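A.B. asks: Quick one: sequence and predicted model below, then my questions.
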Amino acid sequence: MYYTCGRFDQAIAHFRKIVEMKAADYQVVVKLAESFLELGDYNEALEHFAAAAVAYKKLASNITNRPDLEATIKGELDRIQVQMARCLWELNHKDEAFSSIVTLLKQDESDKNALIEYAHMLLDPSFRPDHLESLNVLLRCLVHDKENERIKRMISKIIKHNGTEMLIKILQTKDGTLPSTSAPAIAWIALIVRQHCHVKESIELYDISLELQPHNPSYVLNLVHSLELQLNYEACVSRIKNFLENYKLHSHHPQLVQPKQILETINSTELLQRKLKWTPEGARLQVDEKYVTQRILYNEPFSEDDLNFIALCFTLVKILFTTSQLNVLPNLIDLVESIRYLKCLHQTTIRNEHAYFCYLSQIMSECPPQLTSAQPLYICGDSHCLSPAWRTIRINGVDRLLKPTLVTGLKCWHLRPESDFYPKINFWNAVSTIPKRSDVIMMFGEIDCREGIWLAVEKCKYDDIDHGIRVAVDIYVDVLVQLTLDPYCFDIRVHPVMPVLDLTRDMVKKWNQILCKKIIGLNNTRIKWLDLFDNLLTTDGKDLKHEYKLDGTHAHPRYVSLIQDAINK
């Protein structure tokens, strides 16, 4: 169990006992060696891999007329040889390690494990670097092992180091052209490099995919999501407009709005004063309380292109709200709602975009923000930061406008130094847009409470919930301290995680207790706890107060008065 969940130090203790009792089979010795390898103890790993290899060879010598078993043993031996070569490489016996891998590939040039190690060795600048050959090998491996994170990480590293040109060179035909059929492969690699924080390269690759297939809504949607990670919202809107100007909607659903209608709405120069009304029965939006559209249910589902086009419209609404372009939203939301209303989209591939749209539609219907010219008070967070966004509060007699800095999908766990998952780069790009010495409210941790810690405890990554919370909180607080120093010098108020979801409320309470204690214990005048959590809950502490309920996931914007009161304490 410890081995499976990655707690290798504890796994080693148990494996050793089994080996000492002479009760170990060959796989236990291999797992013991792999545990040492994962912990970077290459000498111990090499010793136990060698012992396992001897045992397998002895077993093989006693087997006759069992080709199936012989093949299995040979496969295990080859895998052990690759791991031994990896240990030798890390111990700086590089010639011996490389020779071992080359020998294995001469025996079987399709040996995936040997190919991956070979590609890894070709990335070492102190040995025989050949990034082009390495990338070629890794791309071949990826086709047969699409979920291998080590392959993806190395591909991302090569493209980051060499630029996207190396990938394009591999995909070009002999005459130097790039066929349009290569667009899906390029888009796939764009997604991979984005997941590993290389956003600039991801944008370049999605641009190339769109040049090859300019009418593919999936590519422009993913391009826009990559640009969002840079907070380059102006480019997001520009790319969406360019795409809509040329996109022909080939849909079997005649009531889908046309791209031209979306463009006309967002390009309108008239001052829009129309109001939206939220109707919970069916979640239908109405304009001026008169406009009612009957829901039409089609038996045929939306195509992937339809879904991606709709997701692009949803994303446009999110971007316009985030950038305070609120006047255009009532008409645009009503227009897009006429699409959304046709189908239940919360279980489709665009459920995240759909969730943002429904959330912001309800905000704009029930309590649209009123923009003012007050000095900004930045509120940096996940989707929850949009509830108080663009509201004006009064702090020490001075009006302050809550200006959102949105970071999508971030767990505090993602902020650990060794992480290369894309929400981390989104976070650092986001805080870099906030002016130096700003007042900032930070509100993260909800996703840790909703899914991250539960799942990690289920997988035995932590001893219990409290252990998981403390690890994530320590990572978060270390980053907050960093943000009080150059080049940021922020004065930070730490917002508690919102207790909206019934299922995670107890977890949220524990998180906030541990986080609050940690913040107070810092005794740092530039980081203060925003003490409003208890006021969100009913008297018995079991539920979110009715007046602060919105969509079941986020708090109603009226809770902003609690932020004002907490800061003014």
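C.D. replies: Cool, the structure landed.

A.B. asks: Residue 136 reaches residue 170, doesn't it?
C.D. replies: Yes. The criterion here is CB atoms under 8 Å, and residue 136 meets it with residue 170 at 6.0 Å. Where you see a C-beta, it was placed from the backbone N, CA and C, and this is true even at glycine.

A.B. asks: For residue 112, which residues are in contact?
C.D. replies: 141, 144-145 (CB atoms under 8 Å, 6 or more residues apart in numbering).

A.B. asks: can you check residue 44 too?
C.D. replies: Applying CB under 8 Å, 6+ apart, we find residue 44 in contact with 33, 36.

A.B. asks: CA-only coordinates of stretch 86-94 in PDB, if you can.
C.D. replies: The C-alpha coordinates for stretch 86-94 follow below in PDB (Å, rounded to 0.1, in the frame of the first residue of the first chain):
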ATOM      1  CA  ARG A  86      19.100   4.500 -14.900                       C
ATOM      2  CA  CYS A  87      20.900   4.000 -11.600                       C
ATOM      3  CA  LEU A  88      24.300   3.800 -13.200                       C
ATOM      4  CA  TRP A  89      23.500   7.000 -15.100                       C
ATOM      5  CA  GLU A  90      22.600   8.900 -12.000                       C
ATOM      6  CA  LEU A  91      25.800   7.600 -10.300                       C
ATOM      7  CA  ASN A  92      27.700   9.200 -13.200                       C
ATOM      8  CA  HIS A  93      28.700   5.900 -14.900                       C
ATOM      9  CA  LYS A  94      27.200   7.300 -18.100                       C
END
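
A.B. asks: how distant is that stretch from the center of its chain?
C.D. replies: Relative to its chain's centre, stretch 86-94 lies at 33 Å (CA atoms, centre = their mean, to the nearest Å).

A.B. asks: Now do the SS call for residue 502.
C.D. replies: Assigned by DSSP: H, G, I helix; E, B strand; the rest coil, the conformation of residue 502 is coil.

A.B. asks: which ones are touching the closest residue to it other than its chain neighbours?
C.D. replies: Nearest residue to residue 502, sequence neighbours excluded (CB to CB, 6 or more residues apart in numbering): residue 543, at 7.6 Å. Each residue near residue 543 by CB under 8 Å, 6+ apart is listed here: 502, 505, 537.

A.B. asks: What is the nearest of these to residue 181?
C.D. replies: Nearest to residue 181, judged by CB to CB, of the contacts of residue 543 is residue 502 at 49.2 Å.

A.B. asks: Look up how far residue 68 lies from the closest one.
C.D. replies: According to CB to CB, to the nearest Å, residue 502 and residue 68 sit 53 Å apart.

A.B. asks: who has more neighbours, the two?
C.D. replies: Remark: of residue 502 and residue 68, residue 502 carries more neighbours, 11 against 7, as counted by other CB atoms under 10 Å.

A.B. asks: Wasn't residue 400 part of a strand?
C.D. replies: Yes. According to three-state DSSP, residue 400 belongs to a strand.

A.B. asks: now the most centrally placed residue in the chain: how far from residue 143?
C.D. replies: Centroid-nearest residue in the chain: residue 423, 4.8 Å away (criterion: CA atoms, centre = their mean). The spacing between residue 423 and residue 143, counted by CB to CB, is 28 Å.

A.B. asks: ok so, going back, just the buried residues of the contacts of residue 112.
C.D. replies: Buried by 16 or more other CB atoms under 10 Å: residue 141, out of these.

A.B. asks: from the contacts of residue 112, which is closest to residue 162?
C.D. replies: The shortest approach to residue 162 among these belongs to residue 141, at 18.1 Å (CB to CB).

A.B. asks: what's the helix or strand for the closest one?
C.D. replies: In this structure, residue 141 is located in helix 131-144 according to DSSP states H and E.

A.B. asks: Which residues belonging to that helix are considered buried?
C.D. replies: For helix 131-144, a neighbour-count test (16+ other CB under 10 Å) marks 131, 134-135, 137-139, 141-142 as buried.

A.B. asks: will you turn those residues into CSV that also has distance to residue 342 and pLDDT?
C.D. replies: Formatted as CSV, the buried residues of helix 131-144 follow (distance: CB to CB, whole Å; pLDDT from 0 to 100):
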residue, distance to residue 342, pLDDT
131, 48, 97
134, 48, 98
135, 44, 98
137, 47, 98
138, 42, 98
139, 40, 98
141, 42, 97
142, 37, 97
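
A.B. asks: Let's have those residues in a markdown table, adding distance to residue 43.
C.D. replies: Output for these, formatted as a markdown table (distance: CB to CB, whole Å):
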| residue | distance to residue 43 |
| --- | --- |
| 131 | 30 |
| 134 | 27 |
| 135 | 32 |
| 137 | 28 |
| 138 | 28 |
| 139 | 34 |
| 141 | 28 |
| 142 | 32 |
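
A.B. asks: List the residues that contact the closest residue to residue 244 other than its chain neighbours.
C.D. replies: Leaving aside its sequence neighbours, residue 244 sits nearest to residue 259 (CB to CB, 6+ apart; 4.0 Å). Residue 259 makes contact with 243-245, 247-249, 309, according to CB under 8 Å, 6+ apart.
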